[in-house]
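>>> Below are the sequence and a predicted model; questions follow.
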Amino acid sequence: MSLQISATNPEHPALLLALPWDTPLEEWPEEYLVPLPRGISRHVVRYAHAGDEVIAVKELAERPALREYELLRDLDRLGIPAVDPLAVVTGRTGPSGAPLEPVLITRHLRGSMPYRSMFETTMRPATMHRLMDALAVLLVRLHLAGFAWGDCSLSNTLFRRDAGAYAAYLVDAETGDLHPRLSPGQRDYDLDLARVNISGELLDLEASGALHPAVDPVAFGHEICTRYEGLWRELTRTSVYPAGKYHYIERRIRRLNDLGFDVAEMQIEHSSNGDTVTFVPKVVDAGHHQRQLLRLTGLDAEENQARRLLSDLESWMATQDDYAPEGASGGDPLAARPEVLAHRWVRDVFRPTVRAVPPELRGTMDPAEIYHQLLEHRWYLSERAQHDIGLDTAVKDYIENVLPRARATLEPAEPE
């Protein structure tokens, strides 16, 4: 059988052909590899160069490789945070003609880290709580989309910084299944697997001395269940309000938006006597602030980053003489639309601020994370000085005093 490359982009096969497919992945020469941290996997996994791309290459049997490839494409279409599938390579043979296992190729998620790399320095319990929050949000998003993971764990997740929190990405869909809708039993099964897997992974870290002494592995395993159930209940519960109190419904929708979710549709029913209104939201669309920031500015960021940047954008717009809030009366012909001001903010504030940070000091932080960190540092210095010290001063102090200390750490630079 000849070598076959099934890819999502017609440009990828030409780039991938240069890789040594006639060599077992475990024996690939160093010249092709990228030294990035890898998590624990049932399969051989390597990071490699493919043109300007950094790719993750995983060896596994043909049927599961093709199945995972299609599942990852489905998740991409649904807008679920997961690694991007690029290709499946089949028909591999060694120099002697012996068959080699096919490989699944995904794009490396820039700025992401497997959980074990994050524990190379002792992780504070507060940071671990943020990891559990991120994983709970990911699992809820998967379940809302009808995806049963089948092996939710820290090992099968990558984490990226997200404005003082973390965003979780699914990295292994091999055991997953996509359904029109999940039953409570399917969700409970996934959640129970997550609890057992996380407790086991943390017990393993405890045995190696890499776990903070204040962290109870079993309690943290249960924490994922608590956080998941609280979020799921808020997103799906039925509310009953007094008739005429329609602002209660708006308040509930805003609360869901604050959690990062949009209400795709809603069901509203009046009681038979007309005294109450029953409201059932259908929450299927996450990334509320991401989409709002992208619409206004063209910037693509994580959800918490987007929320933080939107807050700064709104504060800045309020200082502009030609700003007219949406819905404001008067119809001033000289007033600038929010989209116009947003692009002015990107040009005059966001980009110059990010560019002021030397590239060699940024590490794995993307522009949105850099800007968030600078806003946090400005707040910290202003609190200490008891007045607003301004963004330029904050940038200068951050470069001189914070980044040099933070470069060797795995966590975002945070005010003390």
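The structure has been received and is ready for your questions. Numbering: from 1, shown residues only.
>>> From Leu293, how far out is the residue nearest to Thr106 when sequence neighbours are not counted?
Using Cβ to Cβ, 6 or more residues apart in numbering and skipping residues adjacent in sequence, the residue nearest Thr106 is Val83, 4.2 Å away. C-beta: built from backbone N, CA, C; applies to glycine. Separation of Val83 from Leu293 (Cβ to Cβ, to the nearest Å) stands at 23 Å.
>>> Show the pLDDT at Pro242.
pLDDT for Pro242: 76.
>>> what's the neighbour count on it?
9 (other Cβ atoms under 10 Å).
>>> what pairs with it across the strands?
Thr276 (DSSP bridges).
>>> Same check on Val45?
Lys58.
>>> Next one: the residue nearest to Thr106 from Glu68, what distance?
Val83 sits 10 Å away from Glu68, going by Cβ to Cβ.
>>> tell me the contacts of the residue nearest to Thr106?
Residues in contact with Val83 (Cβ atoms under 8 Å, 6 or more residues apart in numbering) are 56, 72, 106-107, 109, 158, 169-171.
>>> host element of Leu341?
Per DSSP states H and E, Leu341 falls inside helix 338-345.
>>> Against which helices or strands is the helix or strand just after that helix packed?
Toward the C-terminal end, the helix or strand that comes next after helix 338-345 (DSSP H and E) is helix 351-355. Here helix 351-355 touches helix 367-385, going by 3 or more Cβ pairs under 8 Å, 6 or more residues apart in numbering; DSSP states H and E.
>>> buried ones in the following helix or strand past the helix it packs on?
Sequence order places helix 391-397 as the next helix or strand after helix 367-385, per DSSP H and E. Going by neighbour count (16 or more other Cβ atoms under 10 Å), the buried part of helix 391-397 is 391, 394-395, 397.
>>> Check the offset of the helix or strand just after helix 391-397 from the chain's centre.
Moving toward the C-terminus from helix 391-397, the next helix or strand (DSSP H and E) is helix 403-406. Here helix 403-406 is found 24 Å from its chain centre; the criterion is Cα atoms, centre = their mean, to the nearest Å.
>>> Just give me the least confident of the contacts of Val83.
In terms of pLDDT, Leu109 ranks lowest among the contacts of Val83, with 85.
>>> Can you report how many residues neighbour it?
Count around Leu109 with other Cβ under 10 Å applied: 19.
>>> would you turn the buried residues of helix 391-397 into JSON lines with pLDDT?
Formatted as JSON lines, the buried residues of helix 391-397 follow (pLDDT from 0 to 100):
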{"residue": "Leu391", "pLDDT": "88"}
{"residue": "Ala394", "pLDDT": "90"}
{"residue": "Val395", "pLDDT": "90"}
{"residue": "Asp397", "pLDDT": "90"}
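>>> Return the member of these nearest to Thr226.
Proximity of the buried residues of helix 391-397 to Thr226 (Cβ to Cβ) peaks at Ala394, which lies at 36.7 Å.
>>> Can you tell me, leaving aside adjacent residues, what's nearest to that closest one?
Nearest one to Ala394, counting by Cβ to Cβ, 6+ apart, is Arg378 at 3.6 Å.
>>> What is the burial count for the one you found?
22.
>>> now Ala126
So Ala126, with other Cβ under 10 Å, has 9 neighbours.
>>> Using PDB, list the CA coordinates for the helix or strand that contains it.
If you go by DSSP H and E, Ala126 is part of helix 125-144. Output of helix 125-144 as PDB, limited to C-alpha atoms (Å, rounded to 0.1, in the frame of the first residue of the first chain):
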ATOM      1  CA  PRO A 125      -3.700  25.400  45.500                       C
ATOM      2  CA  ALA A 126      -5.300  28.600  44.200                       C
ATOM      3  CA  THR A 127      -3.900  27.900  40.700                       C
ATOM      4  CA  MET A 128      -5.100  24.300  40.900                       C
ATOM      5  CA  HIS A 129      -8.600  25.600  41.600                       C
ATOM      6  CA  ARG A 130      -8.400  27.600  38.400                       C
ATOM      7  CA  LEU A 131      -7.400  24.500  36.500                       C
ATOM      8  CA  MET A 132     -10.500  22.700  37.900                       C
ATOM      9  CA  ASP A 133     -12.600  25.700  36.800                       C
ATOM     10  CA  ALA A 134     -11.200  25.500  33.300                       C
ATOM     11  CA  LEU A 135     -11.700  21.800  33.000                       C
ATOM     12  CA  ALA A 136     -15.300  22.000  34.300                       C
ATOM     13  CA  VAL A 137     -16.100  24.700  31.700                       C
ATOM     14  CA  LEU A 138     -14.600  22.500  29.000                       C
ATOM     15  CA  LEU A 139     -16.600  19.400  30.100                       C
ATOM     16  CA  VAL A 140     -19.900  21.500  30.200                       C
ATOM     17  CA  ARG A 141     -19.200  22.900  26.700                       C
ATOM     18  CA  LEU A 142     -18.700  19.400  25.400                       C
ATOM     19  CA  HIS A 143     -21.800  18.000  27.000                       C
ATOM     20  CA  LEU A 144     -23.900  20.900  25.800                       C
END
